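1. here is a sequence with its predicted model. Questions after.
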Amino acid sequence: MALLDIEGLSVRFQTSSGLFPAVENVDIKVDRGEVWSIVGESGSGKSVAMLATMGLLPWTAEVTAERMLFDGQDLQRLGSRQRRRIVGGEMSMIFQEPMSSLNPCFTVGAQLDEMIKQHRGGTRRERHERALDLLAQVGIPDPARRIRAYPHQLSGGMSQRVMIAMAISCDPRLLIADEPTTALDVTIQAQILELLLRLQEEKGMALILITHDMGVVAETARNVIVQYAGRQVEKQEVRSLFAAPRHPYTEALLSALPERSGDADRLPTIPGVVPGQHDRPTGCLFNPRCRYVTEHCREVAPIPAADDPAHTLCHYPLNDPQAATPPDGLSPRSQQQDDNPEVRP
Amino acid sequence: MSRDALLSATHLARHYQVKGGPFSKPATVKALVDASFELYPGQTLAVVGESGCGKSTLARVLTMIEPPTSGELVISGHHVSLKEGQRPPAELRREVQIIFQNPYGSLNPRKTVATMLEEPLKLNRRDMSAGERREAARAMIEKVGLRPEHIDRYPHMFSGGQRQRIAIARALMLNPKILVLDEPVSALDLSIQAQVLNLLGDLQDEFGLAYVFISHDLSVVRRIADDVIVMYFGQPVETGPAETVFTTPRHPYTQALFSATPVADPNRRRERMKLKGEPPSPLAPPPGCPFAPRCRLATSECTEGDPPLNEVADGVRVACIHVDQAMAAHEASA
């Protein structure tokens, strides 16, 4: 049984101009000790999907799912009291802005203590020892002094370490890190990513890393989910994702990376922008920006083929591992046009 | 010097006075120490470093928003020597324009694109009629890849990438020679980032602009820069042609910075050069080389005085007294 098992998760927000689908039909299955990454641009719904899992969305959000299990418990049916026991305890989350995630009015120690008190209890002395131990684990020098520091006295990297200490304080089985290093410098980013991976391995936690940085994905994750406009467009093991992306969006995203463009005079770009609430296209959501688009894509929304391990949300997935290598001189497009779209499931 | 430099900076420095509390003395923060470089037409000079390294202070000094505390700045043959509070001549200010990181904050939400683009002309080109200004704005908006009907819209109606195009158009209205780009693509999504970088390349070719490109994103810098300055704690630690610096980083900090940057290639898992600790506080600078407390090659000599920026190879200057060891270590790890 998977630790986190989510199927068909959709989140819609009530806005003044109707319901906005922020996340549609997302499936995530994470086993113990796995490292997953969810990658996507802003507006792809990667944070919202995880906030929905944690139950941290406001009342304007309408969360529906076919299945939403954490360690066999149905998260949708959980009462708020039981949910609180799981969220923060067995399943915890760290956020992008460490400076604004900590309460400026309380010391680091008090905030850590509150977390431990809520979930594990113990005497004041035990909790204090535990807090010191946690700060040492996340690599904060001189924990005995830092435990009395207020958030404004810490740098961004130190604040993020405190956030991580809080998140792991109750030995969670699943840690969700939402852009944990986006606000930090690269040398500090390297430290924080290494810390997260070290803790993940030591504690055997599952880790879901939300990011927009392909470099971070390549160096940390083992499995990757790519999201676009609230939809999961493909799901692959990291090496094969970079070597043979299945969805045209992933392919375009990877070729837009400056370091992968080689000596070409211009960077390959993806024309247009991510669709918003009012300009959602019919058919495939990526069709206005896709270089392989056909009439069929504009009319019919794709569903992943049943036999596709990558669950590619595309009528004409690229780099099909089962297909024979295309004959020389045939571009992927001309090959795909031979396919009769009607016979696809 | 074969060509005439558009901009030359010699030992540029900028210090700030920081008020202490009621019981402590005012302190001096040396945000920028001893930056020297030259900029030629059509060339891109990249400034890289982490937050607090003085990149943005350099941008403010170059655009004459703030005067340098010491050192000399020559722009198009004019010496910019200013006292605190004095304004540089208008014709000099026209030459250098700046583009900021966050296009959500740098555009006035109450003004239409047309008003924003025409404003610099209104102030600086009194000879132009309203019709001519409008025409110039319309031509510029198309040049940056927006449509003419966009000109009467407000900033909130645009996406981040489009806003950055508007900011670029506004900066170009007065035909500047130098564009200072302070993290111009950091706030943009990857797919949009490529569009804006291509646009900047096209504009540079068309107008022969010189760019000072400030960024922390090394993959972007490597792609577009001709020369690069790596800064740490207000000081340039390594300068030189971008290709040379990227292929053979010589300063221990440059090496660590490059090694810490994630590469989008899962097959290239390499041992990271670990950099312990964080940059020092500007209020309590360490003695000698500012990088010494985090440097793996640091010795007691390092704390004795500022390392000079010496030329160690063709056009490459490095501020490190252990540069030979750093080079040897780098070759061994590569």
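-> Okay, I see it.
2. list the buried residues for stretch B:14-21?
-> Within stretch B:14-21, the residues that qualify as buried are B:Arg14, B:His15, counting by 16 or more other C-beta atoms under 10 Å in any protein chain shown. Quick note: C-beta positions are derived from backbone N, CA and C, even for glycine.
3. what's in contact with that stretch?
-> B:26-32, B:54, B:57-58, B:60-61, B:66, B:68-69, B:283 (C-beta atoms under 8 Å, 6 or more residues apart in numbering or on different chains).
4. pull the most distant pair out of these.
-> Using C-beta to C-beta, the pair of the contacts of stretch B:14-21 lying farthest apart is B:Pro26 and B:Leu58, separated by 23.6 Å.
5. A:Arg246 falls within a helix, correct?
-> No. Counting by DSSP: H, G, I helix; E, B strand; the rest coil, A:Arg246 falls outside a helix, being coil.
6. interface residues of the stretch 51-200 of chain A facing chain B?
-> Proximity of the stretch 51-200 of chain A to chain B (C-beta under 8 Å from any C-beta of the partner chain) is limited to residues A:Ser155, A:Gly157, A:Met158, A:Asp185, A:Val186, A:Thr187, A:Ile188, A:Gln189, A:Ala190, A:Gln191, A:Leu193, A:Glu194.
7. quick one, strands of the stretch 1-150 of chain A?
-> A:4-15, A:18-30, A:35-39, A:61-64, A:67-70, A:73-74, A:91-94 (DSSP state E, counting those that start in this stretch).
8. tell me where chain A has helices.
-> A:46-54, A:80-86, A:98-101, A:108-119, A:124-137, A:143-146, A:156-167, A:186-203, A:214-220, A:238-243, A:248-255, A:295-299, A:332-338 (DSSP state H).
9. kindly report the residues of the stretch 201-345 of chain A close to chain B.
-> So the stretch 201-345 of chain A meets chain B at A:212-220, A:238-239, A:241-242, A:252-254, A:256-261, A:266-271, A:273-274, A:289 (C-beta under 8 Å from any C-beta).
10. could you turn the buried ones of these into a PyMOL selection?
-> Buried residues among these (16+ other C-beta under 10 Å), as a PyMOL selection:
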select buried, chain A and resi 212+213+214+215+216+217+218+219+220+238+241+242+252+253+254+256+257+258+259+260+261+267+268+269+270+273+274+289
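11. tell me how many other residues surround B:Gly145.
-> Close neighbours of B:Gly145, defined as other C-beta atoms under 10 Å in any protein chain shown, add up to 16.
12. now do the contacts for it.
-> Per C-beta under 8 Å, 6+ apart, neighbours of B:Gly145: B:Arg165, B:Gln195, B:Leu199.
13. hang on, it in a strand?
-> No. Under three-state DSSP, B:Gly145 sits outside any strand and is assigned coil.
14. roughly how far apart are it and B:Pro120?
-> According to C-beta to C-beta, to the nearest Å, B:Gly145 and B:Pro120 sit 20 Å apart.
15. can you say which of the contacts of B:Gly145 are buried?
-> B:Arg165, B:Gln195, B:Leu199.
16. so which of the residues you listed belong to strands?
-> Using DSSP state E, no member of the buried ones among the contacts of B:Gly145 falls in strands.
17. for the residues you listed, which one is nearest A:Ser10?
-> B:Gln195 (30.7 Å).
18. surely that closest one and B:Ser159 touch.
-> No. Under the criterion of C-beta atoms under 8 Å, B:Gln195 makes no contact with B:Ser159, lying 10.8 Å away.
19. mind listing the strands for the stretch 201-334 of chain B?
-> Counting by DSSP E, counting those that start in this stretch, the strands of the stretch 201-334 of chain B are B:210-215, B:227-232, B:235-241, B:310-313, B:316-318.
20. parallel or antiparallel, which strands does the shortest one pair with?
-> Put plainly, it is strand B:316-318. Sheet pairing for strand B:316-318, assigned by DSSP bridges, gives strand B:235-241 (antiparallel), strand B:310-313 (antiparallel).
21. what residues does chain B put near chain A?
-> Listed as neighbours of chain A in chain B under the rule C-beta under 8 Å from any C-beta: B:50-51, B:159, B:161-162, B:189-195, B:197-198, B:201, B:216, B:218-220, B:222-223, B:256-257, B:259-269, B:272, B:274-275, B:278.
22. let's see 6 Å
-> By C-beta under 6 Å from any C-beta of the partner chain, the residues of chain B that approach chain A are B:50-51, B:159, B:189-191, B:194-195, B:197-198, B:219-220, B:223, B:260-266, B:272, B:275, B:278.
23. among the residues you listed, name the buried ones.
-> B:50, B:159, B:189-191, B:194-195, B:197-198, B:219-220, B:223, B:260-266, B:272, B:275, B:278.
24. which of those fall in helices?
-> Per DSSP H, those map to helices at B:Leu190, B:Ser191, B:Ala194, B:Gln195, B:Leu197, B:Asn198, B:Ser219, B:Val220, B:Arg223, B:Ala260.
25. thinking again about what came up before, turn the helices of chain A into TSV, including mean pLDDT.
-> Output for the helices of chain A, formatted as TSV (pLDDT from 0 to 100):
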stretch	mean pLDDT
helix A:46-54	92
helix A:80-86	86
helix A:98-101	86
helix A:108-119	93
helix A:124-137	94
helix A:143-146	91
helix A:156-167	92
helix A:186-203	91
helix A:214-220	90
helix A:238-243	93
helix A:248-255	92
helix A:295-299	93
helix A:332-338	41
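26. which residue ranges form the strands in the stretch 51-200 of chain B?
-> Going by DSSP E, counting those that start in this stretch, the stretch 51-200 of chain B shows strands at B:70-75, B:78-80, B:96-99, B:178-182.
27. could you list the buried residues of the shortest one?
-> Along strand B:78-80, these residues count as buried under the neighbour rule (16+ other C-beta under 10 Å): B:Val80.
28. ok now that strand, how far from the chain's centre?
-> Offset of strand B:78-80 from its chain centre (C-alpha atoms, centre = their mean, to the nearest Å): 20 Å.
29. before we move on, what about stretch A:242-257?
-> 18 Å.
30. identify the residues contacting the one residue in chain B that gets nearest to chain A.
-> Residue nearest to chain A within chain B: B:Pro262 (3.2 Å; C-beta to the nearest C-beta). By C-beta atoms under 6 Å, 6 or more residues apart in numbering or on different chains, B:Pro262 lies in contact with A:Gly215, A:Val216, A:Glu219.
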